[in-house]
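# Predicted model follows, preceded by the sequence.
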Amino acid sequence: MTSPLCHSTRRGFSLLELLVTVGLMVVLASVLVGVVHRAARSADQVRNVNNLRQLGVASLLYANDHDRVFPLHTPGGRRQATCSYDLAGGSVPRKLMTGFNGIGQGTQDYIANPDVFYSPHARRIARERQPGQFYRRPGGSYLIGYLFISMPRKNEIYPEIPPLVPGLYNERLDDPGSAPLYCDFINVLAVEEEFRSKECTFVLKDGSVKSLKQSELRQSWSKNIQKMAEFQP
């Protein structure tokens, strides 16, 4: 006959085994969640870099076809540079695409799919936008998911306005310095658009893609652009 002590011991061992099993499952689940999260973040960054690389190549092709001038957005106004992520008239997407959904105005398709204009890190836009479509903010204008940066040699309407960064331009292929053309959201825009990356990735005039930590880009636009370009005036 089995004694009560043996029954008690067996019940004790079963409970201990159950607790150990549950603990192991919790640990494994947390490790798995971390791995999946890191993999998703890595995939987003790869897609982000590919998008920017495509935009850089498209801009180089455009410049080669347009007297070495990049497809920049330089509207008149009391500023030397435009850092924009909209689809206003004369914007970069309009110049790189032909009549897509009545938005593009270019004479040649340098970019075939609007998806290239959208960073996977801009979560709000990624949630609300339909694939293959330009994003329209509810009740507002059309937006893209990257900033395009225009730095002409001078302000045509207000020539007395000094350059954003002296000696650094991105209007033409032969302008001095490696000025950035496009970049991720940074600073206040990163908060507004629920930007989920600790890095700011950007493409330079020569088509190369680089990244800086968001924490390193908390200064004025001129200092941030100078840092991106690794330019010393």
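Great, that's in hand.
# Please point out which parts of stretch 47-56 sit buried.
For stretch 47-56, the neighbour count (16 or more other C-beta atoms under 10 Å) marks 47-48, 51-56 as buried. For the C-beta atoms, the positions are set from N, CA and C on the backbone; glycine is no exception.
# then it to CSV, C-alphas only?
Extracted in CSV, the C-alpha atoms of stretch 47-56 (Å, rounded to 0.1, in the frame of the first residue of the first chain):
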residue,chain,number,x,y,z
ARG,A,47,13.0,48.1,-47.4
ASN,A,48,13.7,51.7,-46.3
VAL,A,49,17.2,51.7,-47.7
ASN,A,50,16.0,50.1,-51.0
ASN,A,51,13.3,52.8,-51.3
LEU,A,52,15.8,55.6,-50.8
ARG,A,53,18.3,54.0,-53.2
GLN,A,54,15.6,53.8,-55.9
LEU,A,55,14.8,57.5,-55.3
GLY,A,56,18.4,58.4,-55.6
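# ok, residues contacting it?
For stretch 47-56, contacts defined as C-beta atoms under 8 Å, 6 or more residues apart in numbering pick out 111, 115-121, 146, 181-182, 184, 197, 201-204, 207-209.
# Distance-wise, check Gln45 relative to Gln54.
When distance is defined by C-beta to C-beta, to the nearest Å, Gln45 is 15 Å away from Gln54.
# my bad, Tyr158
Shown here: Tyr158 relative to Gln54, a distance of 34 Å by C-beta to C-beta.
# How about Ser211?
The gap separating Ser211 from Gln54 is 16 Å, by C-beta to C-beta.
# now Met151
Distance from Met151 to Gln54, by C-beta to C-beta: 21 Å.
# Quick check: next helix or strand after the helix or strand bottoming out on mean pLDDT in the chain?
Using mean pLDDT, DSSP states H and E, helix 187-192 stands out as the lowest-scoring helix or strand of the chain, at a mean of 54. Counting by DSSP states H and E, the next helix or strand C-terminal to helix 187-192 is strand 199-204.
# From the chain's centroid, how far away is that following strand?
7 Å (C-alpha atoms, centre = their mean, to the nearest Å).
# now the helices for this protein?
Secondary structure of the chain by DSSP state H: the helices cover 4-65, 92-96, 123-128, 187-192, 221-229.
# can you tell me which of those the model trusts least?
Mean pLDDT is lowest for helix 187-192 among these, at a mean of 54.
# Closest to the centroid, which residue in the chain?
Asp184 (3.1 Å; C-alpha atoms, centre = their mean).
# Spatially nearest residue to it, not counting backbone neighbours?
Cys200 (4.8 Å; C-beta to C-beta, 6 or more residues apart in numbering).
# Quick check: the gap between that neighbour and Gly132.
Separation of Cys200 from Gly132 (C-beta to C-beta): 26 Å.
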